[in-house]
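> mind looking at a prediction? Sequence and model below.
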Amino acid sequence: MRTAIRGIFAFTFMAALTLANTANAGPIMSFTQFGDGTVIGTTAGTTTTLTTNSLGSTGNKQVVIGTINNAPVNIAALETFTLVRSSGAANVVNGQIQQDAYTGTIAFTGPPGTPNAGVNILTATLTGVGDFLNGTPGSGQASLGGPMTFTASPLSPIVLAGAFGGPGVTTATGSGTFSFSFVVSPPGSTTNGLTLTGTTINNFTAGLDAGNFTANAVVPEPASIVMASMAVIAGLGLHGLRRKGSQV
């Protein structure tokens, strides 16, 4: 009897583990800029703050989501930076200006008049550890990236597409990484790219060329595992009853 019980729990554990392994890490979304939007870097004291803006939509900018779960799509969205900032000292590391410890949120929502109007397509929260702004002086190129956590509406196109994991994964939260690229042109300057005054990045404006988000492995919600385990146990129990009945 004990051997049978041990076998049941071993089988149940393997079933749960199999479900967990179906939720693999991978790309969840990529986007490119659309229209005249900019990212503005503003320095106040030792703090650099990044904000989004455009002529047609103050406080955010238009983008087009090009892929979801590695599949091509064409979805309009508004990108909004909220309190994206760092007070960390900026330095030149391996020929690049670098500032770390960025925090804040980057949200993508459906614009008015579209099928996803008002939907939280994806909101990424920067962790503040390992989130860097980088740029090579004079190159006009810069990047922002690092670890993140994320949330999305159950109605989000990336949730509906199953981009957060395999079968049975219905969660709209998780963790992963992000990476953005910029074209930087500091206002009033003839030199492209980020510039420094001491350990502070000077004010700049940038077009956001592109970006992508990748999710870490997602474990199925506990309810999914429990239900699967109950089904396994019930199935084994029914098999045992049939076997006992056949011996009468």
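Nice, I can see it. Residues are numbered from 1 along each chain as shown.
> just the buried positions in the longest strand that the chain contains, please.
When the chain is parsed with DSSP state E, its longest strand is strand 71-86. By 16 or more other C-beta atoms under 10 Å, the buried positions in strand 71-86 come out as 75, 76, 77, 78, 79, 80, 81, 82, 84, 85, 86. Bear in mind the C-beta positions are built from the backbone N, C-alpha and C, glycine included.
> turn the residues you listed into TSV, including distance to residue 118 and pLDDT.
Compiled in TSV, the buried residues of strand 71-86 are given as follows (distance: C-beta to C-beta, whole Å; pLDDT from 0 to 100):
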residue	distance to residue 118	pLDDT
75	14	98
76	13	97
77	11	97
78	10	97
79	15	97
80	13	97
81	19	97
82	16	97
84	22	98
85	26	97
86	30	97
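> show me which of these is closest to residue 42.
residue 85 (9.2 Å; C-beta to C-beta).
> so who does the nearest residue to residue 30 once chain neighbours are set aside touch?
With C-beta to C-beta, 6 or more residues apart in numbering as the criterion, residue 30 has its nearest non-adjacent residue at 4.0 Å, and that residue is residue 212. With contacts defined as C-beta atoms under 8 Å, 6 or more residues apart in numbering, the neighbours of residue 212 are 27, 29, 30, 31, 178, 179.
> PyMOL command to pick out the buried ones of the residues you listed?
Those of the contacts of residue 212 that count as buried under 16+ other C-beta under 10 Å are selected in PyMOL with:
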select buried, resi 27+29+30+31+178
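> among the contacts of residue 212, which ones are in strands?
Those of the contacts of residue 212 lying in strands (DSSP E): 27, 29, 30, 31, 178, 179.
> ok, the last one to residue 114 distance?
Using C-beta to C-beta, to the nearest Å, residue 179 is found at 26 Å from residue 114.
> which of the contacts of residue 212 sits closest to residue 122?
So of these, ranked by how close each gets to residue 122 (C-beta to C-beta), first place is residue 29, at 6.0 Å.
> and the buried residues of strand 71-86 as CSV, adding distance to residue 135?
Formatted as CSV, those follow (distance: C-beta to C-beta, whole Å):
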residue, distance to residue 135
75, 29
76, 28
77, 25
78, 25
79, 20
80, 22
81, 17
82, 22
84, 16
85, 16
86, 14
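> got a pLDDT number for residue 6?
Turning to residue 6, the model gives it a pLDDT of 46.
> neighbouring contacts of stretch 37-56?
35-36, 57, 59-63, 79-81, 83-87, 89-90, 99, 102, 104, 133, 144, 182, 199-208.
> just the buried ones among those, please.
For the contacts of stretch 37-56, buried by 16+ other C-beta under 10 Å: 57, 60-63, 79-81, 84-86, 90, 99, 102, 104, 133, 144, 182, 200-206, 208.
> give me the three-state assignment for the most centrally placed residue in the chain.
Relative to the mean C-alpha position of the chain, the nearest C-alpha, by C-alpha atoms, centre = their mean, is the one of residue 213, at 4.5 Å. State at residue 213, reduced to three classes by DSSP: H, G, I helix; E, B strand; the rest coil: strand.
> residue 151 is in contact with residue 159, correct?
No. Using C-beta atoms under 8 Å, residue 159 is not in contact with residue 151, being 10.1 Å away.
> out of the two, which sits in the busier spot?
Between residue 159 and residue 151, counting by other C-beta atoms under 10 Å, residue 159 is the more crowded of the two (22 against 16).
> need the phi and psi values for the more buried one.
Per-residue torsions, residue 159: phi -70, psi -50 (degrees, to the nearest 10).
> what's it in contact with, if anything?
152, 153, 172.
> just the closest of those to residue 140, please.
residue 152 (32.7 Å).
> thought the closest one was touching residue 110?
No. Residue 152 is not in contact with residue 110 according to C-beta under 8 Å; the separation is 11.6 Å.
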